[in-house]
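Undergrad: Here's my sequence, what's the structure:
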Amino acid sequence: MPSLALANGIEFQYTDSGIPTPQDVPYVTVIAVHGMGYNGGIFNRVQQLAKDTKLRIVAINRRQYVGSTPISDAEAALLVSGSDEQKAEVLAARGVELALFTVALIRQESIPPISTDRKGGGVALLGWSSGNVVTLAMVANIEKLPSDSKSCLATYVRALILQEPPSLAMGYPLPTGTWAPHMDPSIPAEQHTPFWAQWITSYFDHGDLSSRDPTALSYTVPSFTRRPTIYGMTADEQEQILDQSVSEMPGMFCSAAQALANTRKACFDRAVRALLPKMKIWHIAGARSASFAIPGRWSLEDDDKANGGALLNFILIPGVNHFMQWDDPQETLKAYLEAL
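TA: Numbering: from 1, shown residues only. Just a heads-up that it's a prediction; the model follows:
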């Protein structure tokens, strides 16, 4: 797998779908950031299909995941036990690193800029699940970059795609009824991870999501009309993309206030948006995802309305779950293309 080292020595390993089949418009590069417990390999299936579209998908492994520079235990602990300022600094550092990776990749690969008609070119930032913590931190802290990097991103960034960020990853309060295996004291600790791997990859039959009523969500009982994604993965695939050793949940709980500040700054701060004038923001969710994926969408819709509306765009894909890019890559690619 290729890797890219930044000027500060931090290195990111990544996979690259490559330049698409020649088309009548410049290709768009999607930089995809994975969530918790799964590395960038979770995007393999959409990468395999990307060459037949106008997309080039580059999926990084975040720090703490295989091949990329680790974060020190002391720095990781700051998200739990640090001051408010220290927590904000740690999140900002992750965002700045992603920004510098993006600029370095643009220059290394001579990625085409956004075309004058917006039909092609440029870069889309895609966060999946807790990976949105990093992409939102990047946009929120764009002013911290060197001037040449800010200018580069202002020219290239065409979209920020929020693919199923949990409420917690964006800093919003957890709705009443929220449930996950790690939060249930009746489940033995040694069973948390295997239970979580099945639950989070399951399909759920919710009620009327347009009602925005939390009681319409199915929190604990998955549907058995389609097997959980984890059971469709081979042993080799699981070995290559699963990494349950990275503990991110405590840090997300304890730095929720800082994550919320980044979310609101990235999405609704007019000065920040002015630094990325070509960037549109889209939220993508699956209608059969686990319950944590839906309330965050409602919170964003409320904040969008409170800020005048029309700053965000929303896509809800019927029939797919939290692992849509693995189980339903064609439908997921359609959503990515719509968001560009």
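Undergrad: so the closest residue to S149 other than its chain neighbours is in which element?
TA: Distances taken as Cβ to Cβ, 6 or more residues apart in numbering place V103 nearest to S149, at 4.7 Å, with adjacent residues excluded. Where C-beta positions appear, they are placed from N, C-alpha and C, glycine not excepted. Using DSSP states H and E, V103 sits in helix 84-109.
Undergrad: what is the mean pLDDT for that helix?
TA: Predicted confidence along helix 84-109 averages 98 (mean pLDDT).
Undergrad: Packing partners of it?
TA: strand 3-5, strand 28-33, strand 55-60, helix 73-81, strand 123-128, helix 132-140, helix 147-156, helix 256-268 (3 or more Cβ pairs under 8 Å, 6 or more residues apart in numbering; DSSP states H and E).
Undergrad: which secondary structure element contains the residue lying farthest from the centre of the chain?
TA: The outermost residue of the chain relative to its centre, with distances by Cα atoms, centre = their mean, is S186 at 30.3 Å. Using DSSP H and E, S186 sits within no helix or strand.
Undergrad: one step back: could you export the helices and strands packed on helix 84-109 as TSV, including mean pLDDT?
TA: Putting the helices and strands packed on helix 84-109 into TSV (pLDDT from 0 to 100) gives the following:
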stretch	mean pLDDT
strand 3-5	96
strand 28-33	98
strand 55-60	98
helix 73-81	94
strand 123-128	98
helix 132-140	98
helix 147-156	98
helix 256-268	98
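Undergrad: And these: which comes nearest K278?
TA: Across the helices and strands packed on helix 84-109, K278 has its closest neighbour in helix 147-156 (7.4 Å, Cβ to Cβ).
Undergrad: Touching the closest one from outside, list them.
TA: For helix 147-156, contacts defined as Cβ atoms under 8 Å, 6 or more residues apart in numbering pick out 99-100, 102-103, 106-107, 111, 113-114, 122-123, 142-143, 145, 275-278.
Undergrad: Now do it and strand 123-128, the angle between them.
TA: Using axes from the mean of the first three to the mean of the last three Cα atoms, to 10 degrees, the direction of helix 147-156 lies 90 degrees away from that of strand 123-128.
Undergrad: Can you tell me the centre-most residue of this structure?
TA: Closest-to-mean residue, the chain, Cα atoms, centre = their mean: G127 / 1.7 Å.
Undergrad: what's the closest residue to L275 other than its chain neighbours sitting at in phi/psi?
TA: Ranked by Cβ to Cβ, 6+ apart and with sequence neighbours excluded, the top spatial neighbour of L275 is I142, at 5.1 Å. Phi and psi for I142, reported as degrees, to the nearest 10, are phi -60, psi -30.
Undergrad: cool, V25 as well?
TA: Residue torsions, per degrees, to the nearest 10, at V25 are phi -130, psi 150.
Undergrad: Would you check that it makes contact with K119?
TA: Yes - here V25 reaches K119: they are 4.5 Å apart, a contact under Cβ atoms under 8 Å.
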